[in-house]
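Engineer: no FASTA, just this:
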Ligand SMILES: CSC[C@H]1O[C@H](OP(=O)(O)O)[C@H](O)[C@@H]1O
Ligand SMILES: Nc1ncnc2[nH]cnc12
């Protein structure tokens, strides 16, 4: 893939249901063969760059983590022309030195979710992408710089434990995840990051710490009310992070190795391929099919 234009998809998590800085904003509903996405996409510009916003839980926070259609969400962002995805998420902290208010640029995941569709591929078209380095370093560098420019207290590098939810963790689980070396906990970055990788969309995660989960003796156990209170304080900084990101974005987007991960991931022979699944994969893997045909 050659150099080109940036189109930045932003997935807004809890407390982030709109981006006011989007200029010439238009809401569009994008159909997906993977079902209903969480909401309409809002397409617009910030500092002359193209952005596409999707509220992960839908406007009004209608959709629970286990009910999110992650495949449709990533598929519609790909269909809308996104080249890269930035995820903004609320997380609990599993570490003393990551207090509420901190912005954390996540670089690893432990996926403990179990009730979600985790791949675009499957019977009739099998693919195995690498998740060794699950986030894009270039995008993470830029989001780190942007969060700092927005005035956030930023920590770079953390392991995110993705839990199923929607209930918060028991104290024993919280302690276990700490012993595993996990740093923050949330319910949504998986399978989002896996699906972004399959869709050849470089992905970065800005996690905003809202609470200490339930492992810390002298802190009250996490409650939604406290999360939303902390998010209200942070929402401005999160929105400003997107603006700073846009301002610093170079005009040209250099190609990324993550743009072509499917070149070496699809294992099913052409004559064993299920045409119906192949058709559903038109946005996610259309580039590879076209290259193979041509
Ligand atoms: C609102 S409390 C728990 C909720 O917040 C996080 O969502 P998101 O990652 O979309 O910001 C967490 O993962 C839970 O879904
Ligand atoms: N403690 C926590 N556990 C899971 N998801 C969260 N999102 C914000 N805080 C969380």
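Structural biologist: Yep, it's here. Quick caveat, the model's predicted, so the values are computed rather than measured. Ligands and ions are numbered 1, 2, ... in the order given.

Engineer: can we go C-alpha only for contacts and neighbour counts from here?
Structural biologist: Will do.

Engineer: what residues of the helix or strand hosting residue 72 count as buried?
Structural biologist: Taking DSSP states H and E as the definition, one finds residue 72 inside helix 70-79. The neighbour-count criterion (16 or more other C-alpha atoms under 10 Å) identifies 70, 71, 72, 73, 74, 75, 76, 77, 78 as the buried residues of helix 70-79.

Engineer: which pair in those spans the largest distance?
Structural biologist: Using C-alpha to C-alpha, those span at most 12.3 Å, a distance reached by 70 and 78.

Engineer: ok, and what's touching the longest helix along the chain?
Structural biologist: Longest helix of the chain, by residue count under DSSP state H: helix 224-248. Among residues not part of helix 224-248, those counted as contacts by C-alpha atoms under 8 Å, 6 or more residues apart in numbering are 14-16, 19-21, 46-49, 88, 90, 100-101, 142-143, 145-152, 208, 210-211.

Engineer: can you tell me which residues in the stretch 151-294 of the chain are near ligand 1?
Structural biologist: For the stretch 151-294 of the chain, the contact set with ligand 1 under C-alpha under 6 Å from any ligand atom comprises 186, 187, 188, 224.

Engineer: so how far is residue 293 from residue 29?
Structural biologist: Taking C-alpha to C-alpha, to the nearest Å as the criterion, residue 29 is separated from residue 293 by 30 Å.

Engineer: the more surrounded of those two?
Structural biologist: In this view residue 29 and residue 293 are compared by other C-alpha atoms under 10 Å, and residue 29 has more residues nearby, 13 against 6.

Engineer: what is the neighbour count of the closest residue to the more buried one other than its chain neighbours?
Structural biologist: Across the structure, with C-alpha to C-alpha, 6 or more residues apart in numbering as the measure, the residue nearest residue 29 apart from its sequence neighbours is residue 40 (4.6 Å). For residue 40, the neighbour count with other C-alpha under 10 Å is 20.

Engineer: pLDDT wise, what is the closest residue in space to residue 281 that isn't next to it in sequence at?
Structural biologist: The spatial neighbour of residue 281 that comes closest, neighbours along the chain excluded (C-alpha to C-alpha, 6+ apart), is residue 120 at 7.3 Å. At residue 120 the predicted local distance difference test score is 98.

Engineer: next one: residue 292
Structural biologist: According to the model, residue 292 carries a pLDDT of 84.

Engineer: quick revisit: can you point out the buried residues in the longest helix of the chain?
Structural biologist: Within helix 224-248, the residues that qualify as buried by neighbour count (16+ other C-alpha under 10 Å) are 227-228, 230-231, 234-235, 237-246.

Engineer: starting at the chain centroid, how far to the helix or strand that that helix is followed by?
Structural biologist: On the C-terminal side of helix 224-248, the nearest following helix or strand under DSSP H and E is helix 275-280. Here helix 275-280 shows a centroid-to-chain-centroid distance of 25 Å under the convention C-alpha atoms, centre = their mean, to the nearest Å.

Engineer: check which residues of helix 275-280 are buried.
Structural biologist: By neighbour count, and taking 16+ other C-alpha under 10 Å as the criterion, the buried residues in helix 275-280 are 277, 278, 280.

Engineer: tell me the SS of the nearest residue to the last one once chain neighbours are set aside?
Structural biologist: In space, not counting the residues next to it along the chain, residue 280 is nearest to residue 33; the distance is 5.7 Å by C-alpha to C-alpha, 6+ apart. Each residue gets one of three states, and residue 33 gets coil by DSSP: H, G, I helix; E, B strand; the rest coil.

Engineer: how many residues are close by residue 33?
Structural biologist: Residue 33 has 15 neighbours, counted by other C-alpha under 10 Å.

Engineer: ok, residue 282 to residue 202 distance?
Structural biologist: Per C-alpha to C-alpha, residue 282 is found 18 Å from residue 202.

Engineer: residue 209 pairs with what?
Structural biologist: residue 91 (DSSP bridges).

Engineer: that one contacts residue 95, correct?
Structural biologist: No - Residue 209 lies out of contact with residue 95 (C-alpha atoms under 8 Å); the separation is 10.5 Å.

Engineer: identify the contacts common to those two.
Structural biologist: Contacts common to residue 209 and residue 95, judged by C-alpha under 8 Å, 6+ apart, are residue 184.
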